[in-house]
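In: with the input below, show me the fold.
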Amino acid sequence: MSRTVYDSQSLLKQAIDPKPPVVHPDTPASEAIAAMTEARASCILIASDRQLLGIFTERDVVKITAREIPLAGVVISAVMTENSIAISLERAENIFKVLSILPTAKIRHLPVTDEGGNLLGAITGEGIRQILKPCDLLQMRRAGEIMNAEVVIASTNTSVLEVAKLMATEHKSCTVICTDCDRNHQKPVGIITERDIVKFQAAGLDFHGTAVTAAMSFPLIVLEVKATLWEAHQFMQQQRIRRLVVADEAGCLAGIVTQSSLLYALYPVEMLANVEVLQETVA
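Out: Here you go, the predicted structure:
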């Protein structure tokens, strides 16, 4: 076995969270959300006798919030995603295979089981990002190269409920709160994320009557378009956040860099291209 293959398999085992939040299917949804908040987890797994039944993520919390679904008397199995994508440890093979599954399947959480379907743990994009340390490759690229310029925006006079509905409709993980300026020159002042919605649900927030200015993350951490991806990676680790708002030299909104953006930069094809560039530079 080559050292490269051995290392990639070792990294795979390091990336697995062996103790993700797990609840029984009859657990009240409100308790499951509270467990997610307490564990600072982006998802919770639903299992019975170690058999994986489904998954419930921050995005699901946003959906039920936007639909104004009352959680009283609702069990987690009624709102979870059944038949979630999972992978057995034997078939996972190595970290690079898993790294290719996440963006291809458009998922951020991958439960891991044994061949019998018994739950072993879960792999998340955040977990992979924490164990991979290709700082040289990340220092070669700039935030402006990989940022998503299509950002969901809300004004400062919007309610939290309106923001949740906007996120659910646009299928986005966050909304950037901006001052009322020209559409092409928005000044970002705050952000509401999926995790915020989870916390608000757990705290019993009045979504309709609360303005985003009273609930948004502030002061906002802003990344310059010329910042390296390594700087973005460090910011995310230090601040324990999963996305960064990117601004141009005038301080206007340019886009957003997410954990998924950084993972894509580490995607095997992208990584290979960067290695070739690095090799040519050295040559």
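In: any regions of the stretch 151-283 of the chain where pLDDT drops low?
Out: Residues of the stretch 151-283 of the chain that meet the criterion pLDDT under 70 lie in 180-183, 266-283.
In: now for the host helix or strand of V176, which elements pack on it?
Out: V176 is part of strand 174-178 when elements are defined by DSSP states H and E. For strand 174-178, the packing partners by 3 or more Cβ pairs under 8 Å, 6 or more residues apart in numbering; DSSP states H and E come out as strand 153-155, helix 160-170, strand 188-193, strand 253-258. Yep, even glycine has a C-beta here, placed from its N, CA and C like the rest.
In: would you reformat those as CSV and include distance to P25?
Out: Shown next, in CSV, are the helices and strands packed on strand 174-178 (distance: least, Cβ to Cβ, whole Å):
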stretch, distance to P25
strand 153-155, 35
helix 160-170, 24
strand 188-193, 27
strand 253-258, 31
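In: adding distance to I221 and mean neighbour count, write these out as CSV.
Out: Putting the helices and strands packed on strand 174-178 into CSV (distance: least, Cβ to Cβ, whole Å; neighbours: other Cβ atoms under 10 Å) gives the following:
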stretch, distance to I221, mean neighbour count
strand 153-155, 17, 16
helix 160-170, 19, 20
strand 188-193, 9, 22
strand 253-258, 11, 23
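In: low-confidence ranges in the stretch 1-150 of the chain?
Out: In the stretch 1-150 of the chain, residues with pLDDT under 70: 1-9, 96, 132-137, 139-140.
In: all helices for this protein, in order.
Out: 3-15, 29-39, 58-66, 89-92, 95-105, 125-131, 135-140, 143-146, 160-170, 194-203, 229-239, 259-265, 268-282 (DSSP state H).
In: export these to TSV and tack on distance to A47?
Out: Output for the helices of the chain, formatted as TSV (distance: least, Cβ to Cβ, whole Å):
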stretch	distance to A47
helix 3-15	20
helix 29-39	12
helix 58-66	16
helix 89-92	16
helix 95-105	20
helix 125-131	19
helix 135-140	35
helix 143-146	35
helix 160-170	26
helix 194-203	20
helix 229-239	29
helix 259-265	25
helix 268-282	31
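In: so of those, which one's packed in deepest?
Out: Highest mean neighbour count among those (mean count of other Cβ atoms under 10 Å): helix 58-66, with a mean of 23.
In: quick one: that helix to chain centroid distance?
Out: Chain-centre distance of helix 58-66: 14 Å, with Cα atoms, centre = their mean, to the nearest Å.
In: angle of it against strand 174-178?
Out: Comparing the axes of helix 58-66 and strand 174-178 via axes from the mean of the first three to the mean of the last three Cα atoms, to 10 degrees yields an angle of 60 degrees.
In: who's in contact with helix 58-66?
Out: 29, 33, 36, 42-43, 71, 79-81, 161, 164-165, 167-169, 173, 194-195, 197-198, 200-201, 207 (Cβ atoms under 8 Å, 6 or more residues apart in numbering).
In: recalculate using a threshold of 6 Å.
Out: 42, 79, 164-165, 167-168, 194-195, 197-198, 201 (Cβ atoms under 6 Å, 6 or more residues apart in numbering).
In: so G127 makes contact with Q14?
Out: No: with contact defined as Cβ atoms under 6 Å, G127 does not reach Q14; the gap is 8.4 Å.
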